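Enquirer: Give me a model of this one.
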Amino acid sequence: MPNWYADLPDIKPKYLAISQLIAGLIQEDRLLPSQRLPAERELAKLLRVDRSTVSRAFQELTANGLLVKKGGSGTFVAPVPTVNTLPDKINWGQYLRNTTTSHSLIQRKLTQARTLNPH
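Expert: Numbers count the residues shown, from 1 in each chain. Below you'll find the model as predicted:
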């Protein structure tokens, strides 16, 4: 766990210093994905700042996707986003048949809907 007060950058406004500190700790893997952060009150005490300052820093980091707030559970480092990988080889014939079938099915359903409600 970091030495919160000692690691805090000497910049103003303080909420930006806190945001910068937490972002840096995440980037350096000192705070890991899904790791719970101290509660706002606790962190404010450790950093010797008002709780609203920590709250604003958490809001900033949450808006930037670095933190996730879970009501009643606390604030956590955001999990690493998963990347859907494509297979090395794509069977384009199968893909086009599936796409065409889906498209034809949608067209039929749309035509049926229009005959039921001609407006």
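Enquirer: how about the helices in the chain?
Expert: 4-7, 14-27, 40-47, 51-63, 92-116 (DSSP state H).
Enquirer: Would you mind measuring from residue 21 to residue 109?
Expert: 54 Å (C-beta to C-beta, to the nearest Å). C-betas here are computed from N, CA, C, even on glycine.
Enquirer: And these two? Which one has more around it.
Expert: residue 21 (20 against 10; other C-beta atoms under 10 Å).
Enquirer: Need the pLDDT of residue 115.
Expert: Looking at residue 115, its pLDDT is 78.
Enquirer: Over to residue 73?
Expert: Model confidence at residue 73 (pLDDT) stands at 92.
Enquirer: Now do the same contact list for the residue nearest to it when sequence neighbours are not counted.
Expert: Spatially, and ignoring its direct neighbours in sequence, residue 73 is nearest to residue 36 (7.7 Å; C-beta to C-beta, 6 or more residues apart in numbering). Each residue near residue 36 by C-beta atoms under 8 Å, 6 or more residues apart in numbering is listed here: 73, 74, 75, 76.
Enquirer: got a list of what residue 44 touches?
Expert: Neighbours of residue 44 in contact, by C-beta under 8 Å, 6+ apart: 50, 51, 53, 54.
Enquirer: and the last one, what does it touch?
Expert: Meaning residue 54. Contacts of residue 54 (C-beta under 8 Å, 6+ apart): 15, 18, 40, 43, 44, 47.
Enquirer: For the second one, give its distance to residue 112.
Expert: I take that to be residue 18. Separation of residue 18 from residue 112 (C-beta to C-beta) stands at 58 Å.
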